[in-house]
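Asker: What shape does this take:
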Amino acid sequence: MIRSDATTDPKERNGFRRAAAAFVFLAVVTVVGGLVGPRLAAVSDVASAGTKEYADLLATTRAWYADDVAPSKLVYASIHGMLATLDPHTNFLERPTTT
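Answerer: Numbering: from 1, shown residues only. Got it, this is the predicted structure:
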């Protein structure tokens with residue numbers, strides 16, 4: 001006696017297996033994202049407070065500085081200043097300017 005699934009094309013079975021595997025993968029990723037997502041959002045809230053303060057400092061410096069200064073110049077100068085407080089061997093390589 002021949003089984004009914006023995007007559008199906010192996011390519012069809014592989015396609016079904018791939019679709020089932022993709023569905024299971026998406027379901028697992030969705031569940032894990034739902035469980036871990038709120039924790040990651042809490043971490044980004046803490047980081048965003050420091051980022052907001054840094055952005056406020058840059059905006060205030062730019063507004064109150066005597067000359068007109070490019071924002072990128074302020075950012076790079078602040079990065080160099082922060083790294084100078086770490087140790088003399090820490091360097092920041094700026095992106096080369098292209099014109």
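Asker: need the next SSE after the helix-or-strand element of the chain with minimal mean pLDDT, C-terminal direction.
Answerer: For the chain, scoring each helix and strand by mean pLDDT, DSSP states H and E identifies helix 10-64 as the least confident one, at a mean of 81. Downstream of helix 10-64, the next assigned helix or strand under DSSP states H and E is helix 71-84.
Asker: that older thread, now do the least confident helix or strand of the chain against helix 71-84, angle only.
Answerer: If you take axes from the mean of the first three to the mean of the last three Cα atoms, to 10 degrees, helix 10-64 sits at 90 degrees to helix 71-84.
Asker: can you list contacts of stretch 65-72?
Answerer: With contacts defined as Cβ atoms under 8 Å, 6 or more residues apart in numbering, stretch 65-72 is touched by 58, 61-62. C-betas here are computed from N, CA, C, even on glycine.
Asker: got a winner among these for most neighbours?
Answerer: Most neighbours among these, by other Cβ atoms under 10 Å: residue 58, with 16 neighbours.
Asker: Look up how far residue 16 lies from that residue.
Answerer: Applying Cβ to Cβ, to the nearest Å, the value for residue 58 to residue 16 is 56 Å.
Asker: same check, this time on residue 69
Answerer: Using Cβ to Cβ, one obtains 62 Å as the distance from residue 69 to residue 16.
Asker: and the closest residue in space to residue 90 that isn't next to it in sequence, how many residues sit next to it?
Answerer: Nearest non-adjacent residue to residue 90, counting by Cβ to Cβ, 6 or more residues apart in numbering: residue 83, 4.8 Å away. Using other Cβ under 10 Å, residue 83 has 14 neighbouring residues.
Asker: same question, residue 80
Answerer: A count of nearby residues for residue 80, using other Cβ under 10 Å, gives 13.
Asker: Then residue 17?
Answerer: By other Cβ under 10 Å, 10 other residues sit near residue 17.
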